[in-house]
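Quick one, what's the 3D model for this:
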Amino acid sequence: MKFSLGVAMSPLEQLPELAKTAEECGFASIALPDSLFYMQDQAAKYPYTPDGNRFWTPDTPWVDPLVAAAAMGAVTSDIRFYTNVLKLGSRQPLLLARQVGSVAALTGDRFGFGVGIGWAPEEFEWCGVPYARRGARVDEMIEIIKRVLEGGMVEFHGEFFDFEPLQMSPAPARPVPFYIGGHTEPALRRAARVGDGWTSAMMKYEDICKTIGKLTELRAEYDRSDVPFEIQVVCIDRFGRSGYSELAAAGVTDSIVVPWVFDGLGFDADLAAKQESLRRFADQYIADPIGVPA
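From the prediction side, this is the model:
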C-alpha cells in the first residue's frame, strides 16, 4: 500500500518545501484539495461531517490545486500529484482540459485527476452554471476532457456541450488517470464505469470496506474487473501498522495521511515541525512497507 500526503489547509508558502520533504521520505503522491470560495451562508449541508458544517473558516488558506501541482512539481522530480478532488460541476471542460494538459506536461506526466461534482449550490450558480442536472453535465465533462487529453482532433455534440473539431497540444505523453470521488450510488457507478480509481473523503474503516465491496460489484457489472483500479482513502479510525495492514487487506492501494495531525500539530504548524513529522512517519511506515496480514 502506498501513502499520499494530504496538504489541505496548510499555509501556501509551505507547499514547495513539504513537497520536497515528502519526496525525500518516499511518499508516493501529494493529494491536493479544492475549494473555490467560502460563502458566508451555505445553502446545503457539507456531506462529509456529521452535522453538515464545514470544518474550515473564511480565512483558511486554499490554492487552486492545478496551480499547486505545477508549483510543487517544479521543485521535485519523482513524486506524483493528484486532486482530491477537484469540483468539476462549476467549471468549463475545455478550459479545464487545457489546464490539466499543461500540468501534466510541466510535471513530466506526474499528475492524476481526481474529480467530483461539487456539493455547494453557490459554487455552481455564482459561477454561472445551473445546479440542476449536475451529474449528467459532469458525465459529459469527463468524456470531453478525456478525449481532448488523448490528443488529435476532437469534436463533441452533447446535451450540454457542443463544439466542432479542435486540438490541444501537446497531449500528455501518458494518459492522465481519472480518480472519481463521492460516496453516493451515482458517484460509485461513475467511478466503476469510467474511472481509473475511486477516492474518498473522510470515512470509517467499516464504510470503506462496504464501499470497496460495492465498487467490486459495479466494476464487474461494467465488465471492468480486470482493469487496474486505485482505491485512495482518508480513513479516520485505522492507524499504526496494524491499522494500515487492515486497510491494505481490504483493498486500499493508497492511504492519504497528514502525519503532523497524528503528532498533535495544527494545519498551520511550523514548517520544520511538519517536516519532522513526515520523516518520523516515513521511518515507521514507508521505510518498512506495509503488507497484508497473514
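
Tell me where the model's unsure across this structure.
Applying pLDDT under 70 to the chain flags the ranges 291-294.

Flag every buried residue along stretch 177-187.
Burial within stretch 177-187, assessed by neighbour count using 16 or more other Cβ atoms under 10 Å, is assigned to 177-182, 187. In this view, the C-beta of every residue, glycine as well, is placed from N, C-alpha and C.

cool, and stretch 240-256?
244-248, 250-256.

do stretch 164-178 as well
In stretch 164-178, counting by 16+ other Cβ under 10 Å, buried: 168, 171-172, 176-178.

Would you convert these into JSON lines that also reports distance to Q92 and secondary structure?
Output for these, formatted as JSON lines (distance: Cβ to Cβ, whole Å; DSSP: H, G, I helix; E, B strand; the rest coil):
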{"residue": "M168", "distance to Q92": "14", "secondary structure": "coil"}
{"residue": "A171", "distance to Q92": "19", "secondary structure": "coil"}
{"residue": "P172", "distance to Q92": "20", "secondary structure": "coil"}
{"residue": "V176", "distance to Q92": "18", "secondary structure": "coil"}
{"residue": "P177", "distance to Q92": "22", "secondary structure": "coil"}
{"residue": "F178", "distance to Q92": "17", "secondary structure": "strand"}
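
circling back: narrow the buried residues of stretch 177-187 to those in strands?
Among the buried residues of stretch 177-187, the members falling in strands (DSSP state E) are 178-181.

In terms of distance to M39, which of these ranks first?
Lowest distance from M39 to these (Cβ to Cβ) belongs to G181, with 20.7 Å.

On the strand side of things, show who that closest one bridges to.
When bridges are called by DSSP bridges, G181 pairs up with T199.

Would you agree it is in contact with W198?
Yes: contact criterion Cβ atoms under 8 Å: G181 and W198 qualify, at 7.4 Å.

Any chance you could list residues touching both of those two?
Here G181 and W198 have A191 as joint contacts, going by Cβ atoms under 8 Å, 6 or more residues apart in numbering.

in the stretch 1-150 of the chain, which spans are helices?
Assigned by DSSP state H, counting those that start in this stretch, the helices in the stretch 1-150 of the chain fall at 15-25, 65-73, 93-106, 121-125, 134-149.

Let me have the ones you listed in a markdown table, adding distance to D207 and mean neighbour count as columns.
What follows is the helices of the stretch 1-150 of the chain, written out as a markdown table (distance: least, Cβ to Cβ, whole Å; neighbours: other Cβ atoms under 10 Å):
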| stretch | distance to D207 | mean neighbour count |
| --- | --- | --- |
| helix 15-25 | 27 | 19 |
| helix 65-73 | 25 | 21 |
| helix 93-106 | 30 | 19 |
| helix 121-125 | 25 | 18 |
| helix 134-149 | 22 | 19 |
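
quick one, which of the ones you listed is nearest to F55?
Closest among the helices of the stretch 1-150 of the chain, once you apply Cβ to Cβ, is helix 121-125, at 17.3 Å.

Strands of this structure, start to end?
Taking DSSP E, the strands of the chain run over residues 2-6, 29-32, 80-83, 86-87, 111-116, 154-157, 162-166, 178-181, 197-203, 230-235, 254-257.

I'd like the ones you listed written out as CSV, with distance to Y222 added.
Below are the strands of the chain laid out as CSV (distance: least, Cβ to Cβ, whole Å):
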stretch, distance to Y222
strand 2-6, 25
strand 29-32, 26
strand 80-83, 22
strand 86-87, 23
strand 111-116, 18
strand 154-157, 22
strand 162-166, 27
strand 178-181, 13
strand 197-203, 13
strand 230-235, 16
strand 254-257, 22
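
quick one on the thing from earlier: farthest-apart pair in the buried residues of stretch 164-178, please.
M168 and P177 (18.3 Å).

Geometric centre of the protein: which residue is closest?
Residue closest to the average C-alpha location in the chain (Cα atoms, centre = their mean): N84, at 2.0 Å.

so that residue makes contact with V233?
No: between N84 and V233 there is no contact under Cβ under 8 Å: 10.4 Å.

Now for these two: what residues contact both?
Common contacts of N84 and V233 (Cβ under 8 Å, 6+ apart): 199, 256.

tell me the contacts of the spatially closest residue to I79 that is not a sequence neighbour?
Using Cβ to Cβ, 6 or more residues apart in numbering and skipping the chain neighbours, the partner closest in space to I79 is E23 (4.0 Å). Going by Cβ under 8 Å, 6+ apart, E23 touches 76-79.

Report the separation between E23 and V194.
30 Å (Cβ to Cβ, to the nearest Å).

now the closest residue to N84 other than its chain neighbours, which residues is it bridged with?
Spatial nearest neighbour of N84, excluding adjacent residues (Cβ to Cβ, 6+ apart): A31 at 3.8 Å. For A31, the beta-bridge partners are G6, Y82 (DSSP bridges).
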